[in-house]
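>>> Fold the stuff below for me.
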Amino acid sequence: MHKKYTETIFVYLEHLQYVQGRMPLTLSSDTLMANCMWEFMVIWNRDPEVTYALEQAVVYLRCVQNAALQHGIVLTFSFIVL
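Numbering: from 1, shown residues only. The predicted structure is shown next:
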């Protein structure tokens, strides 16, 4: 992964932690990570040449701790892409 994108992900994570601190009951970590992953997948789906978006989606997906949620996201997106 490129250094620029690695630094960017840490900035995003810091911002997400701040938002989560402000709304702890409505924004679980898994929900935030799943939403970020989904947004990067949408970017990649629009333009498959933008491989950093796919890389970032995988990074966010790995941050989702709930295995059932991970599996559901991947299955849902695979049906949309196909």
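>>> Might you list the low-confidence residue ranges for this protein?
Residue ranges of the chain with pLDDT under 70: 1-6, 25, 80-82.
>>> Which residue ranges of it form helices?
In the chain, the segments counted as helices under DSSP state H are 3-22, 29-46, 51-63, 67-81.
>>> Other residues contacting the shortest one?
If you take C-beta atoms under 8 Å, 6 or more residues apart in numbering as the criterion, helix 51-63 is touched by 1-2, 5, 9, 29, 33-34, 36-38, 40-41, 43-44, 47, 70, 73-74. Just so you know, the C-beta spots here come from the backbone N, C-alpha and C atoms, and that holds for glycine as well.
>>> what's the angle between it and helix 67-81?
150 degrees (axes from the mean of the first three to the mean of the last three C-alpha atoms, to 10 degrees).
>>> Show me how far helix 51-63 is from its chain's centre.
6 Å (C-alpha atoms, centre = their mean, to the nearest Å).
>>> the inter-axis angle of it versus helix 3-22?
Using the same axes, to 10 degrees: helix 51-63 against helix 3-22 is 40 degrees.
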